[in-house]
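Trainee: Provide a 3D model corresponding to the input given below.
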Amino acid sequence: MKKRTAIVLPARCKKSKELFGIRAERLENIWSFTWAFPLKERTAKNEHLSDNKVSGTVMFGQDYPGCPHCGNPGLIVCGHCGKTSCIEEVAREFKCPWCGSSGTINVTNSIDEIKGGSY
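Mentor: Below you'll find the predicted structure:
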């Protein structure tokens, strides 16, 4: 039996710009996003969550609740700053709540890297 690995990735709500944590669990060669919860900036910094990284194939677990602040079910990685935010399923355009960059959305389930970034 393989050991399961779980980490927390910081993300920001697109609507409120509040921070939240995403629990990512490694299941063999796939990362599954299993939970999301409100997260304080201080806690994220103290726990060094910006050091956590996920790469490869990702999926949403069946119980993933979406953003705890606005309910958006999806996630997006900004092509400019590399940080993660929530996103609506039907969105075609995006403005990053971390850095303010905007652009057109490209959909994939394979990620080069999701990282926490700095605060």
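
Trainee: any idea how far C96 is from G74?
Mentor: 14 Å (Cβ to Cβ, to the nearest Å). The C-beta positions use only the backbone N, C-alpha and C, and glycine is treated the same way.

Trainee: mind showing which ranges of this structure have poor pLDDT?
Mentor: 1-3, 107-119 (pLDDT under 70).

Trainee: So V54 sits against I7, correct?
Mentor: Yes - with contacts counted by Cβ atoms under 8 Å, V54 reaches I7, the gap being 7.3 Å.

Trainee: Quick check: neighbours shared by those two?
Mentor: A24 (Cβ atoms under 8 Å, 6 or more residues apart in numbering).

Trainee: And these two? Which one has more around it.
Mentor: V54 (20 against 17; other Cβ atoms under 10 Å).

Trainee: Helix or strand: which one has that one?
Mentor: Assigning secondary structure by DSSP states H and E places V54 in strand 53-60.

Trainee: Would you map the helices across the chain?
Mentor: Under the criterion DSSP state H, helices of the chain are mapped to 41-46.

Trainee: quick one, which of C96 and G74 is more surrounded?
Mentor: With neighbours defined as other Cβ under 10 Å, C96 and G74 compare such that C96 has more, 21 against 17.

Trainee: list the contacts for E47?
Mentor: Taking Cβ under 8 Å, 6+ apart as the test, what E47 contacts is V8.

Trainee: again with C96
Mentor: Per Cβ under 8 Å, 6+ apart, neighbours of C96: 78, 80-81, 83, 85, 102.

Trainee: of those, closest to Q62?
Mentor: S85 (22.2 Å; Cβ to Cβ).

Trainee: Count the residues that sit near the nearest residue to V58 once chain neighbours are set aside.
Mentor: Distance criterion Cβ to Cβ, 6 or more residues apart in numbering; nearest residue to V58, sequence neighbours excluded, is W31 at 4.7 Å. By other Cβ under 10 Å, the residues close to W31 number 21.
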